[in-house]
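Participant: Here is my input, please return the structure:
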Amino acid sequence: MSESTHSHEASHYNEPTPRWCSCAVPDEVEAQRNEARRHRISRRGLITGASAAGVLAAAGWPGAAQAAQPDHGGPGGNGKNVTITIMGTSDIHSNAINWDYYKDAAFSDAAGDVVGLARVSSLVNQIRADRGRDHTLLFDAGDIIQGTPLGFYYATVEPTTKTGAIHPMALQMNAIGYDAVVLGNHEFNYGLDFLDHWISQMQAPVLAANAVHPGTKIPKYKPYVVKTMKFKGMPPLRVGVLGLTNPGIVIWDKANVSGKLDVLDVVETAKSWVPRMRRDGADIVVVSVHAGDSGLSSYSGDIPVENAAAMLAEQVPGVDAILFGHAHIDVPQRFVTNKTTGEQVVMSEPKCWGERLSVFDLSLSFERGRWTVNSKSAITVNTNTVVDDPKLVAVVKSEHDAVVAYVNTAVATSTEAMSAAEACWKDTAILDYINVVQTAKVTEAIAGTSYASLPVVSIAAPFNRAATFPAGSVTIKDVAGLYIYDNTLLGSVLTGAQIKDYLEYSARYYQQVAVGAPVDPASWTNNHNLPDYNYDQFSGVVYDIDISQPEGSRISGLSYNGAPVADDQQFVVAVNNYRQSGGGGFPHIADAPVVYNAQVAIREAIVAYATAQGTIDPAQFHVENWRLVRSGTPVF
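Facilitator: Numbers count the residues shown, from 1 in each chain. Here you go, the predicted model:
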């Protein structure tokens with residue numbers, strides 16, 4: 001899918017950050033907005049009235065002065081300084097241009113952010129022009145090919161593996177001229193064959209040192225690359241970049257990688273490879289890692305830590321800078337002291353979707369036959385300070401137009417408008433529609449099997465509070481807005497007791513609320529920083545969630561067909577692959593027997609069901625089978 005990341009991956013979580021959430025840093029956003037107001041934007045997508053150095057200075061970049069007048073160094077051995085700039089992106093999630101396919105309009109949010117590699121390209125162009133191309137490098141930290149209908153379309157509707165076309169994200173990254181990119185967990189969503197095909201289209205090295213052949217420590221992908229930077233009158237500088245992906249892949253994409261790929265610990269892998277890079281002649285070492293910096297995981301068990309970027313900085317000697325991602329958070333600059341060397345490692349995360357560009361400034365000198373890093377700094381620059389690079393828009397225009405046409409295709413007619421705005425605290429018709437489709441598909445699949453006599457229930461979560469079905473024509477765009485992840489459908493067997501445990505775990509999503517407290521449901525959700533996609537709702541069984549009770553004691557009245565659910569009663573549960581593989585850490589489901597797994601994309605199943613039915617009528621399927629209560633009294 002999954003739900004990674006952005007999942008602000010409060011992990012990241014491990015889902016892409018929902019588009020209705022903003023991780024912007026208010027002071028930085030306001031400073032950059034003011035800067036944008038002061039300078040006109042040219043039609044070429046570049047800042048006018050100020051150089052990139054001016055924009056960086058406004059954003060507080062310590063290296064802006066050097067950027068304005070780069071020191072190209074003097075003759076080798078004279079101790080002259082040279083400043084290099086390393087730019088970084090992460091979690092682009094197939095955002096090519098500043099467009100929201102779910103709204104069929106230019107992207108916009110309350111923070112004034114924009115998205116897309118075309119925006120990033122305009123900043124990169126300007127910084128390269130100001131610093132000199134020979135003084136800059138550009139890396140990415142993963143999650144590139146999945147996340148919008150653009151990514152979905154060219155992986156499933158018109159897969160580039162069948163058409164032979166160049167993937168739009170490869171087209172753009174090649175046009176920008178990345179120096180290296182790293183695999184994120186979402187690169188594995190469409191299977192290894194698709195991933196290998198995409199890698200073959202990339203001009204930049206694609207790295208992942210810890211993604212190894214099963215049972216070995218041998219990388220399946222290129223582990224690192226050393227880039228040589230040449231300056232007038234000085235010896236060349238060799239910059240090594242190590243790529244590391246996320247260990248959670250073995251959970252989130254188990255169906256795609258099991259028996260084909262292992263993903264090793266980020267820290268231990270770096271301990272092995274950084275010395276090799278130094279022996280290979282790397283004067284400085286940069287790590288690009290698809291992992292957040294919290295030191296936490298969204299999963300349990302013996303799988304290595306999910307968000308280990310800061311742990312890497314602290315525990316692995318010889319690293320100068322770390323570009324990290326996965327968490328969809330704006331981290332302009334963070335310094336971590338290495339425990340072994342006492343050296344400061346500079347880190348930066350550029351949020352997601354192309355909303356930010358990380359800009360590292362490293363000042364070095366060449367003395368006594370070796371390069372020494374004298375100072376380090378980093379900043380994230382908001383891409384709303386520029387407009388789309390027209391070259392980057394043009395390179396994917398036909399692909400973008402094809403996806404716009406696709407998502408605007410009508411699939412059914414709805415008898416009334418439906419909204420997910422209250423789906424996080426009420427049983428809504430629009431979420432029930434997901435469960436209707438999942439239940440129908442799994443029921444059909446197990447017909448004639450030994451499981452056909454078991455009742456089928458279904459799980460869905462409110463992925464997008466902004467999702468709506470209008471009254472009248474419902475399009476693929478509307479379906480995609482409701483089901484924003486590329487999950488597939490499975491059927492697993494759970495007992496009544498296990499379903500009760502599952503629901504108790506899900507109900508942690510709510511704060512405990514006193515009986516007499518004012519009704520303010522929006523303030524009760526996301527307890528423990530749980531994202532909406534980790535609040536699962538069941539259909540097919542009836543239950544109450546008593547939010548006046550402590551966690552673990554909230555589910556009451558669990559029944560099926562008017563009778564209490566017995567602990568040993570068996571159910572076939574329609575569930576997505578992310579949850580079934582352990583995403584979110586829900587109890588029992590990852591170990592439950594799987595009775596259906598045909599790799600059917602849930603979004604496509606919804607489209608097919610709606611098309612076959614022709615009409616979406618809530619009166620035919622909406623059943624309010626769960627509710628919030630306080631001491632037994634319904635909240636609503």
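
Participant: okay, CA-based contacts and neighbour counts for the rest of this
Facilitator: Fine.

Participant: Which secondary structure element is home to Ile84?
Facilitator: In this assignment (DSSP states H and E), Ile84 forms part of strand 81-89.

Participant: strands paired with that strand, and their directions?
Facilitator: When pairing is defined by DSSP bridges, strand 81-89 lines up against strand 136-140 (parallel), strand 356-367 (antiparallel).

Participant: can you list contacts of it?
Facilitator: Contacting residues not belonging to strand 81-89 are listed as 66, 70-74, 124, 131, 135-141, 323, 349-350, 352, 354, 356-366 [Cα atoms under 8 Å, 6 or more residues apart in numbering].

Participant: Quick check: next helix or strand after the helix or strand where Ala480 lies?
Facilitator: Per DSSP H and E: Ala480 is located in helix 476-482. Per DSSP H and E, the first helix or strand lying C-terminal to helix 476-482 is strand 489-495.

Participant: Could you dump the strands paired with strand 81-89 into JSON lines with mean neighbour count added?
Facilitator: Below are those laid out as JSON lines (neighbours: other Cα atoms under 10 Å):
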{"stretch": "strand 136-140", "mean neighbour count": "24"}
{"stretch": "strand 356-367", "mean neighbour count": "24"}
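
Participant: Lys80: which of those is closest?
Facilitator: strand 356-367 (5.7 Å; Cα to Cα).

Participant: Report the mean confidence score over the closest one.
Facilitator: Computed over strand 356-367, the mean pLDDT rounds to 96.

Participant: just the strands in the stretch 151-300 of the chain please.
Facilitator: Per DSSP state E, counting those that start in this stretch, the stretch 151-300 of the chain carries strands over the ranges 180-182, 206-207, 211-212, 224-229, 237-244, 262-263, 284-289.

Participant: among those, which is the most enclosed?
Facilitator: Among the strands of the stretch 151-300 of the chain, strand 180-182 has the highest mean neighbour count (mean count of other Cα atoms under 10 Å), at a mean of 29.

Participant: Residues touching it, excluding its own?
Facilitator: Contacts to strand 180-182, defined as Cα under 8 Å, 6+ apart, come from residues 138-142, 204-208, 225, 241, 243-245, 288-290.

Participant: how deep is Asp401 tucked in, by neighbour count?
Facilitator: Neighbourhood size, Asp401 [other Cα atoms under 10 Å]: 11.

Participant: swap that for Gly301, sorry
Facilitator: Counted with other Cα under 10 Å, residues neighbouring Gly301 total 8.

Participant: same deal with the one 5 residues further on?
Facilitator: Here the number of neighbours of Glu306 (other Cα under 10 Å) works out to 28.

Participant: which residues touch it?
Facilitator: In this structure, Glu306 makes contact with 11, 246-248, 291-292, 295-298, judged by Cα under 8 Å, 6+ apart.

Participant: Tabulate these (a markdown table), appending distance to Ile446.
Facilitator: As requested, those are exported to a markdown table (distance: Cα to Cα, whole Å):
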| residue | distance to Ile446 |
| --- | --- |
| Ser11 | 35 |
| Asn246 | 35 |
| Pro247 | 33 |
| Gly248 | 30 |
| Ala291 | 39 |
| Gly292 | 40 |
| Gly295 | 42 |
| Leu296 | 38 |
| Ser297 | 35 |
| Ser298 | 32 |
